[in-house]
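Enquirer: Sharing a model that was predicted from the sequence below.
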Amino acid sequence: MRAPFIVIEGLDRSGKTTQTSLLHTRLEAEGIQAKLMKFPDRTTVIGQMIDSYLRSDSELDDHVIHLLFSANRWELASYITQLLEAGTPIICDRYAFSGIAFSASKGIPSSTPSPKLPYEWCRSPDIGLPAPDLVLFLDIAPERAKLRGGYGEERYEKEELQARVRGIFQRLGSEMQNETQRPVRPNWVTVDAGRERKVVANEVWSLVEPLVINRIDDPVAKLWS
Ligand code: Z5A
């Protein structure tokens, strides 16, 4: 038996940081010590390069930044597995799904017939990473997210891009839900993030609690393999 790996995904300002933090606090209140993680992890050497790019302090080829985001996850891949096997649940703010959704959204204005970075290409570097047991996709319309604090300060925070990102997240979710064989891992659940913080938090808790209480029988799976 091991602990579950839970990922919270979503558009910018959908409330991922708010919800991961509320969940972490609730787990602690229940006497469960969980590890809170966030990608990009801007503290590593690779993470600092990503941070500089996101703040538009540096320019990088689209392929390069995509591979750096993935490398930033691989830096922590064995640590993730070790924690889960040691019984520590992980709550993670963004993961490989953001990597695909943002990169594959680049350069798809209607005038361009194909994306700059094809979806399958974007998925490749993350194949084999530890797979989450549950992905909670916090869904909100970009025009509503925009009304929340701080929107527009970083490179990708533009409404048109966010709408394309949302479409790719929806594709990722439906591909996972359509997998009918084997215990589907990860399980993808869309949560309406346009509601009150507490309402969203209660739904998140209802989905996470059974995994944390019952724990997981299977070894940590590998993403898309
Ligand atoms: N990126 C990528 O391209 N490739 C990758 O592989 C990865 C990421 C992993 C930085 O991510 C960028 O990196 C991101 C994707 C890309 N693109 N952009 N831009 P980040 O996670 O570091 O930054 P972020 O997306 O901008 O997340 P955020 O600022 O942390 O937003 P959030 O976590 O979703 O929301 P929040 O901080 O919890 O809440 C935002 C505001 O809304 C705040 O004022 C809250 O008080 C408020 N809020 C939260 N919930 C509610 C509700 N329910 N109602 C009303 N107001 C609320």
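Expert: Arrived safely, thanks for sending. Numbers count the residues shown, from 1 in each chain.

Enquirer: Any figure for the gap between the spatially most central residue of the chain and Gly128?
Expert: Nearest to the mean C-alpha position of the chain, by Cα atoms, centre = their mean, lies Arg94 at 2.6 Å. To Gly128, Arg94 is 18 Å away according to Cβ to Cβ, to the nearest Å. Every C-beta, even on glycine, is put in place using the N, C-alpha and C of the backbone.

Enquirer: Pull up the residues of the chain that are close to the ligand.
Expert: The chain comes close to the ligand at residues 10, 12-18, 39-40, 54, 69, 94, 98-99, 102, 148-149, 154, 156-157, 196-197, 200, as judged by Cβ under 6 Å from any ligand atom.

Enquirer: out of those, which are buried?
Expert: The neighbour-count criterion (16 or more other Cβ atoms under 10 Å) marks 10, 12-16, 18, 39-40, 54, 69, 94, 98-99, 102, 157, 200 among these as buried.

Enquirer: ok, the residue nearest to the centre of the chain touching Gln19?
Expert: No - between Arg94 and Gln19 there is no contact under Cβ atoms under 8 Å: 11.9 Å.

Enquirer: Need the overlap of contacts for those two.
Expert: When contacts are counted by Cβ atoms under 8 Å, 6 or more residues apart in numbering, the set common to Arg94 and Gln19 consists of Ile8.

Enquirer: tell me what the helix or strand of the chain with the lowest mean pLDDT is packed against?
Expert: Least confident helix or strand of the chain, by mean pLDDT, DSSP states H and E, is helix 142-145 with a mean of 86. If you count contacts as 3 or more Cβ pairs under 8 Å, 6 or more residues apart in numbering; DSSP states H and E, helix 142-145 packs onto helix 159-177.

Enquirer: Centre of the chain to the helix or strand following the helix it packs on, how far?
Expert: Note on helix 159-177: by DSSP states H and E, the next helix or strand toward the C-terminus is strand 187-192. Between the centre of strand 187-192 and the centre of its chain there are 12 Å (Cα atoms, centre = their mean, to the nearest Å).

Enquirer: partners of strand 187-192, with directions?
Expert: strand 134-139 (parallel) (DSSP bridges).

Enquirer: now the angle from the strand it pairs with to helix 159-177?
Expert: With axes from the mean of the first three to the mean of the last three Cα atoms, to 10 degrees applied, the angle from strand 134-139 to helix 159-177 works out at 150 degrees.

Enquirer: and Glu75, how far is that from Met37?
Expert: 11 Å.

Enquirer: Looking at these two, which has the bigger crowd around it?
Expert: Remark: of Glu75 and Met37, Met37 carries more neighbours, 20 against 14, as counted by other Cβ atoms under 10 Å.

Enquirer: Kindly list the main-chain dihedrals of Ala221?
Expert: According to degrees, to the nearest 10, the main-chain angles of Ala221 amount to phi -80, psi 170.

Enquirer: measure it to Pro4 for me?
Expert: Note on Ala221: its distance to Pro4, by Cβ to Cβ, is 12 Å.
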